[in-house]
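Student: Sequence and predicted structure below; questions after.
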Amino acid sequence: MLKISFPGSANLNTTQQIRRDGMISLPLVGEVKAVGKTPTELEKDLIDLYSTQLLSKQVTVEVQSSSFPVYVSGSVLRPGKVMSDHPITALEAVM
């Protein structure tokens with residue numbers, strides 16, 4: 001989960017979940033690739049994309065949550081949703 005703030009244009013502020021395809025959808029610029037980038041790299045990309053709309057060339061990207069759900073089913077002790085904040089193997093999810 002990313003919190004994206006535009007200090008000079010508060011109407012553009014948003015909180016975005018990175019989709020499975022690694023993209024986020026932002027007003028005025030559309031789809032933006034977020035996966036594999038640091039917050040600083042994404043900030044630079046957004047400043048470039050919004051350069052014509054921003055008075056203040058300032059954007060802040062903050063990671064609010066990096067957890068994601070993993071669903072475990074079948075012959076396991078506790079089937080259901082497991083939240084993980086790091087990549088896990090199938091064995092770790094079952095355990």
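Tutor: In hand now; what should we look at?
Student: Only C-alpha atoms from now on, for both contacts and neighbour counts.
Tutor: Will do.
Student: Could you tell me which ranges of this protein sit under the pLDDT cut-off?
Tutor: For the chain, the stretches flagged by pLDDT under 70 are 66.
Student: hey, where'd the helices end up in it?
Tutor: Taking DSSP state H as the criterion, the chain carries its helices at 39-49, 90-94.
Student: highest average neighbour count across those?
Tutor: Greatest average neighbour count among these goes to helix 39-49 (a mean of 16), per mean count of other CA atoms under 10 Å.
Student: got a list of contacts for that one?
Tutor: Val29, Ala34, Lys57, Gln58, Val59, Thr60, Val61, Glu62, Val63 (CA atoms under 8 Å, 6 or more residues apart in numbering).
Student: can you rerun that using 10 Å?
Tutor: 2, 4-6, 26, 28-30, 32-37, 51, 53-54, 56-63 (CA atoms under 10 Å, 6 or more residues apart in numbering).
Student: Quick check: the gap between the residue nearest the centre of the chain and Gln53.
Tutor: Nearest to the mean C-alpha position of the chain, by CA atoms, centre = their mean, lies Ile18 at 3.5 Å. Note on Ile18: its distance to Gln53, by CA to CA, to the nearest Å, is 23 Å.
Student: What residue spans form the domains of the protein?
Tutor: 2-63, 66-95 (automatic domain parsing).
Student: Please report phi then psi for the residue located most distally from the centre of the chain.
Tutor: Ranked by distance from the centre of the chain (CA atoms, centre = their mean), the top residue is Ser75, with 32.6 Å. Backbone dihedrals for Ser75, given as degrees, to the nearest 10, come out at phi -80, psi 70.
Student: show me the contacts for it.
Tutor: Ser75 neighbours (CA under 10 Å, 6+ apart): Val94.
Student: Kindly report the same for Ala90.
Tutor: Val70, Val72.
Student: what do you get for Val59?
Tutor: 4-9, 13, 40, 42-47, 50 are the contacts of Val59 under CA under 10 Å, 6+ apart.
Student: 8 Å instead, please
Tutor: Ile4, Ser5, Phe6, Pro7, Glu43, Lys44, Leu46, Ile47.
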